[in-house]
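Visitor: Generate coordinates for the sequence data below:
(2 chains)
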Amino acid sequence: MISFLLILVSSIFFVGIIIKVKAKIAARKMPSVFQPLFDVIRLFKKGAIYSSTTSVIFKITPLVYMASVLMATLFIPIGSQKGFLSFEGDFVFFAYLLAMGKFMMIIAAMDTGSGFEAMGANREALYSMLVEPAFFILIGSMALFTHNTSFQDLYMNLHAGTELTYIISIAAIYILIYIAMIENSRMPVDDPKTHLELTMVHEVMVLDNSGFDLGLIHIATWLKFAIYGGLISNFVIQTTWIWYYQITAFLGIQILFAIIIGLVEAFRARNKMEKNPQWIIMLSAIAVVIFLTTLIITQKIILN
Amino acid sequence: MNKLDSILRIKNNQSVELQKIETLTYADFYSIVLELLKKEENHCVTYFAYRRKDDLQFIIAIADDKNHDIAILSHILKARKKQELNSLTQSIFALHIFEREIYENFGVNFINHPWQKPVRFPHNRADKKLQINDYPFYSIKSEELHEVGVGPIHAGIIEPGHFRFICNGENVLHLEIQLGWQHRGVEQLFLNKKHNLQRNLLAENIAGDTVIGHTTAFAQTMETLANKQISEQLHLERALALELERIAVHTGDIGALCVDAAYHLGANVFGILRTAIINFTQLWCGNRFGKSLVRMGGTHFPFTEDLKIELLQMLAKYEKQFEEMADLTYRLPSVQNRFDFVGTVTKKQAQLVGTVGLSARMSNIVKDIRVSHPNIAYLNFPYQTITLKKGDVFARFLLKKKEIRKSIAWIRNLMEHFQFDNKNTQKPDYQLNLKPNNLAISLVEAWRGEVCHCAITDENGDLSHYKVKDPSMHNWKALELSLRNVEISDFPINNKSYNLSYCGNDL
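Guide: The predicted model follows:
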């Protein structure tokens, strides 16, 4: 339960830190950390407008999306704080919960009948498909390493065995950072600040959403960031630490993660659209390296 | 060949009596124009028709970059004859826009014109039934391909234009740009407004980003028609303003390209730098875009030695920051990766569609009015043109940086070698007497490319026709070509790298 609350709390300021870092580097006046929160409150006060071409799919999607992300949050443990739900193989369930939310977003975008939105939906579907192997190979390797298949047990036992964990932890953190950026349509795959529909991926899919619905979609984005931040923090936090050490470490890692995203976005240009798939597959390649390393560590492959 | 030698040739900023322009038969006109435009050094700067006592007089001006002069040819289409001519576009593709314009304004049908479509839907068009919503788009009947329409309301804050893409998935097979949403009637207003100050203000407002370019062309045209001599200093001041405008707009464009590549650090810094330049223009004349600076016959805002000190200080500061940021931006792998090999226009394509200015120079075509048809300012303080070879977005991005450096060097040279004297400055003179029955032409290399203004007077010395040509008229086609087989998501950076004028087209 505590882990669930921690993720909720950290999600509130996460995006705020990113925009603060980007503004600072670009020599602009920094907005408040709570600016995204204020924006969402403003959106909640507004009514939603629905295009006459849309059907019920478009109306229920923001709720389904939000629900799927909230539900996925329940599976994340933080250090020795257990997740709300846990069962064998729950990481598969976790991945497909997020995928279901995304699937609803994609068909809702197509539901509007707009040429732009269908284009964005196409791209989002392609990138999600390509990033999936990276996630599964990564978590699969860890399952192999710890002989557990639920998030909770998997992380609990990660640091139990040997120092060899650190080898795979570094690569895993790298992959998770970029998976988070792709899942949330950040740079270098997408540019959340752009005003050009033709170059958008995620932004163009939510062009028709307004008011309350748009607010929900924004909150789901924050949560997704915080979820991945939670996954990353577990590689660092040791279950043997005292509980308030763990909580401080978690919040520190979330802030650091947000700052890293802000830095990555500020100091580079985005990818050419056609190079995105290639770039995403690169993550899977690194995941395969982790997998092979795990095989060697667990002596499934014996090198002579 | 005899005929080629006897063509009337004038210099830039020179006027000629109308009766000295020989009226040819269309067959002769046709063959001479073809003969001239086959040569690489020649290009058409303007081709228009105007009503002269019911008949339609056609005038074409072909600039010769080697001999530094402009050939003027003419023919008359009688009102009683069938309004139909053989199209020149089938051989010289660069003329397509001019013939389309004549077709739209006077209903002359050009036989075998490959792309005879309206240009800008003016109020005085020949066929009022032709509505902008019925624009004849090129379309493909196919199950696999789809069309994407963008505009005419633009996502940013720029002007109205409709873009119709035919795509195969993410790839663009064909782009057609439909302009003409503004219906301003600029050329007609030049005739309706009788006071020269009104006309001067009108010239300033042809295109908000090319204020100096268009106003200088206007002032030179009118001064030529009135035989008004202006001092070297005034010429230099206008050229200085022109170069400042170039630096400011190019800097802004580099920043805008950074925005589109999502490189916000560069975008902000270049935005700040642009402000430094336009603030200097404001200090000089009270308007950041140089409005009210250029007036016919003189100026209210002479350049002084005090301003010179100010300018040199500002440029030193600008240059230091610009070089620092440019060094970072142009070497950044992700920026290079984003712009390289996108939207290439080959030299051959660029020549075919007749691009001018920056859009020509990025494809290794040397076209620069400052060098080929210089006025006194650029004769006394010569400028050297730079060209690049690749013709892609990165080439345009890089050329902007190089031209900024060149312009700064040119300004420095001017500041070093010319003593500005603000005692004997000429005040603007709006009471100019224009020579009757004359034609004057003025070419100016604005930041986008050549601006051409051409004026014709009647027997009373009043304007009877005024023709404006913005470089965008030529260059929009290059943007369409850039998009061939390019991803649709690369359209914004291509569009921004050209930064063409919508209002320059929708006169």
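
Visitor: So for the helix or strand bottoming out on mean pLDDT in chain B, what gets flagged as buried?
Guide: Using mean pLDDT, DSSP states H and E, the weakest-scoring helix or strand in chain B turns out to be helix B:2-5, at a mean of 71. When neighbours are counted by 16 or more other C-beta atoms under 10 Å in any protein chain shown, no buried residue of helix B:2-5 is found. C-beta: built from backbone N, CA, C; applies to glycine.

Visitor: so what does the helix or strand A:L63 falls within touch, helix or strand wise?
Guide: Secondary structure from DSSP states H and E places A:L63 in helix A:56-73. Contact here means 3 or more C-beta pairs under 8 Å, 6 or more residues apart in numbering or on different chains; DSSP states H and E; on that basis helix A:56-73 packs against helix A:2-25, helix A:90-111, helix A:211-236.

Visitor: May I see the buried residues of it?
Guide: Along helix A:56-73, the positions that meet the burial threshold by neighbour count (16+ other C-beta under 10 Å) are A:58, A:61-62, A:64-73.

Visitor: Identify, from the residues you listed, the entry nearest to B:M222.
Guide: Within the buried residues of helix A:56-73, distances to B:M222 taken as C-beta to C-beta reach their minimum at A:F58, with 59.8 Å.

Visitor: give the contact list for that closest one.
Guide: By C-beta atoms under 8 Å, 6 or more residues apart in numbering or on different chains, A:F58 lies in contact with A:50-51, A:108, A:111-112, A:208.

Visitor: Kindly report the same for A:I290.
Guide: The contact partners of A:I290, by C-beta under 8 Å, 6+ apart, come to A:137-138, A:141, A:168, A:171-172, A:175.

Visitor: cool, B:E170 as well?
Guide: Residues near B:E170 by C-beta under 8 Å, 6+ apart: A:119, A:273-274, B:487-489.

Visitor: swap in B:G290?
Guide: If a contact means C-beta under 8 Å, 6+ apart, then B:G290 has B:211-212, B:215, B:241, B:244-245, B:281 as its contacts.

Visitor: out of these, which is most surrounded?
Guide: Using other C-beta atoms under 10 Å in any protein chain shown as the neighbour definition, these reach their maximum at B:T215, which records 30 neighbours.

Visitor: State the number of residues packed around B:F381.
Guide: Taking other C-beta under 10 Å as the criterion, the count of residues near B:F381 is 19.

Visitor: What strand or helix carries the residue nearest to it when sequence neighbours are not counted?
Guide: Of all residues beyond its chain neighbours, the one nearest B:F381 is B:L414 (5.3 Å), with distances taken as C-beta to C-beta, 6 or more residues apart in numbering or on different chains. When secondary structure is defined by DSSP H and E, B:L414 falls within helix B:393-417.

Visitor: Check which element follows that helix along the chain.
Guide: If you walk from helix B:393-417 toward the C-terminus, the next helix or strand you reach (DSSP H and E) is strand B:438-445.

Visitor: orientation of the next helix or strand after that following strand relative to strand B:438-445 in degrees?
Guide: Next along the chain after strand B:438-445, taking DSSP H and E as the criterion, comes strand B:450-457. In this structure, strand B:450-457 runs at an angle of 170 degrees to strand B:438-445, with axes from the mean of the first three to the mean of the last three C-alpha atoms, to 10 degrees as the basis.

Visitor: other SSEs contacting strand B:450-457?
Guide: In terms of contact count using 3+ C-beta pairs under 8 Å, 6+ apart, strand B:450-457 is assigned the packing partners strand B:42-52, strand B:55-64, helix B:211-225, strand B:438-445, strand B:463-469.

Visitor: Tell me the buried residues in the lengthiest helix in chain B?
Guide: If each helix of chain B is counted by residues according to DSSP state H, the longest one is helix B:232-260. Of the residues in helix B:232-260, those buried by neighbour count under the rule 16+ other C-beta under 10 Å are B:233-260.

Visitor: filter those residues down to the ones near chain A?
Guide: The subset of the buried residues of helix B:232-260 lying close to chain A, counting by C-beta under 8 Å from any C-beta of the partner chain, consists of B:258, B:260.

Visitor: now chain A, which segments are flagged as low pLDDT?
Guide: Scanning chain A for pLDDT under 70 picks out the ranges A:160-162, A:304.

Visitor: Let's check: the centremost residue of it is which one?
Guide: With distances taken as C-alpha atoms, centre = their mean, the residue of chain A nearest its centroid is A:A180 (3.5 Å).

Visitor: ok and the helix or strand following the longest helix of chain B relative to helix A:2-25, angle-wise?
Guide: Tracing the chain C-terminally past helix B:232-260 and defining elements by DSSP H and E, one meets helix B:264-285 next. Computed with the same axes, to 10 degrees, the direction of helix B:264-285 lies at 30 degrees from that of helix A:2-25.

Visitor: Now look at helix B:264-285 and say if it contacts chain A.
Guide: Yes. In terms of C-beta under 8 Å from any C-beta, part of helix B:264-285 sits within range of chain A, namely B:264-265, B:267-269, B:272.

Visitor: any chance of those in TSV, with neighbour count too?
Guide: As requested, the residues of helix B:264-285 next to chain A are exported to TSV (neighbours: other C-beta atoms under 10 Å in any protein chain shown):
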residue	neighbour count
B:H264	24
B:L265	21
B:A267	21
B:N268	19
B:V269	23
B:I272	15
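
Visitor: Can you add pLDDT and give those back as TSV?
Guide: Supplementary listing: those in TSV, determined by pLDDT from 0 to 100:
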residue	pLDDT
B:H264	86
B:L265	88
B:A267	90
B:N268	90
B:V269	92
B:I272	93
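
Visitor: between the buried residues of helix A:56-73, which is nearest B:F48?
Guide: Ranked by distance to B:F48 (C-beta to C-beta), the buried residues of helix A:56-73 are led by A:F58 at 52.2 Å.

Visitor: what angle do the longest helix of chain B and helix B:211-225 make?
Guide: Using the same axes, to 10 degrees, the direction of helix B:232-260 lies 150 degrees away from that of helix B:211-225.

Visitor: quick revisit: kindly reformat the contacts of B:E170 as JSON lines containing neighbour count and secondary structure.
Guide: As requested, these are arranged in JSON lines below (neighbours: other C-beta atoms under 10 Å in any protein chain shown; DSSP: H, G, I helix; E, B strand; the rest coil):
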{"residue": "A:M119", "neighbour count": "24", "secondary structure": "helix"}
{"residue": "A:M273", "neighbour count": "19", "secondary structure": "helix"}
{"residue": "A:E274", "neighbour count": "14", "secondary structure": "helix"}
{"residue": "B:E487", "neighbour count": "19", "secondary structure": "strand"}
{"residue": "B:I488", "neighbour count": "20", "secondary structure": "helix"}
{"residue": "B:S489", "neighbour count": "22", "secondary structure": "helix"}
